[in-house]
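1. sharing a model that was predicted from the sequence below.
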Amino acid sequence: MHIAIAGNIGSGKTTLTKMLAAHYGWTPKFESVDFNPYLADFYEDMERWSFNLQIYFLNKRFKDVVDISKMDDVIIQDRTIYEDARIFAPNLHAMGLMSSRDFENYSDLFDLMMSLVKAPDLLIYLQSSIPNLVAQIQKRGREYEKSIRIDYLTGLNERYESWIKDYKHKLLIVDADRYKFGNRPEDFEAVTNMIDNELFGLFPDTKLK
């Protein structure tokens, strides 16, 4: 089984991935940011490095999806391949930070990849406001994230909402502003109750929106 967590930068994907892996005994697949050769350069000069960064992410994410399809464990994944193509690359293109030529090339490659893989069995979307995202980004204190622009985060959030609205597969939306699962055990329990309901039909009255 493949469970995936989606959400904007700072929404709590890695925290929830770790917690769910420990709670259920699932195998985590984390998004690697510490060893990304393009990320710091991208935040300094988005237009120069946007295509390189997105191709790097797409390559890594496709490898992850292929690996997951071959595994017998239940996998909990921090960020999905869809977010690169449906959120980040279109946002960069719309902002004038990725050329139309590069975006079309990227999109063609993504479409080819998606013809070879299937959607997660459950997608968990962490829905968050911009102030909450900014607070979380500042709290974790990554040096390369200090130069993230508010208009960049805002554009990503708008695209997340549009993508989720049209998502056709099994979906759970968690209000990350309200449910502080990383700090409050009762909120984490509420999240696991909803996941149990989605996967196993338990706790049908639990609501996280």
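-> Received, thanks.
2. got any ranges where this structure has weak pLDDT?
-> 32-34, 202-209 (pLDDT under 70).
3. tell me, how many residues neighbour residue 12?
-> 22 (other CB atoms under 10 Å). Heads up, the C-betas are built off the backbone N, CA and C, glycines and all.
4. name all residues that make contact with it.
-> When contacts are counted by CB atoms under 8 Å, 6 or more residues apart in numbering, residue 12 touches 126, 128, 136, 176, 181-182.
5. any idea how far it is from residue 26?
-> 17 Å (CB to CB, to the nearest Å).
6. show me what counts as buried in the longest helix seen in the chain.
-> Longest helix of the chain, by residue count under DSSP state H: helix 46-69. Neighbour-count burial for helix 46-69, with 16 or more other CB atoms under 10 Å as criterion, is recorded at 46, 49-51, 53-58, 61-62, 64-65, 68.
7. can you give me the strands for the protein?
-> 2-7, 27-29, 75-78, 122-127, 171-175 (DSSP state E).
8. and the last one with strand 2-7, angle?
-> What it means is strand 171-175. 40 degrees (axes from the mean of the first three to the mean of the last three CA atoms, to 10 degrees).
9. may I see the buried residues of strand 171-175?
-> Buried, per 16+ other CB under 10 Å, within strand 171-175: 172-174.
10. equivalent analysis for the second one, please.
-> When neighbours are counted by 16+ other CB under 10 Å, the buried residues of strand 27-29 are found to be 28-29.
11. report the contact partners of the residue nearest to residue 103 when sequence neighbours are not counted.
-> In this structure, residue 103 finds its nearest non-sequential neighbour in residue 93, 4.2 Å apart by CB to CB, 6 or more residues apart in numbering. By CB under 8 Å, 6+ apart, residue 93 lies in contact with 99-100, 103.
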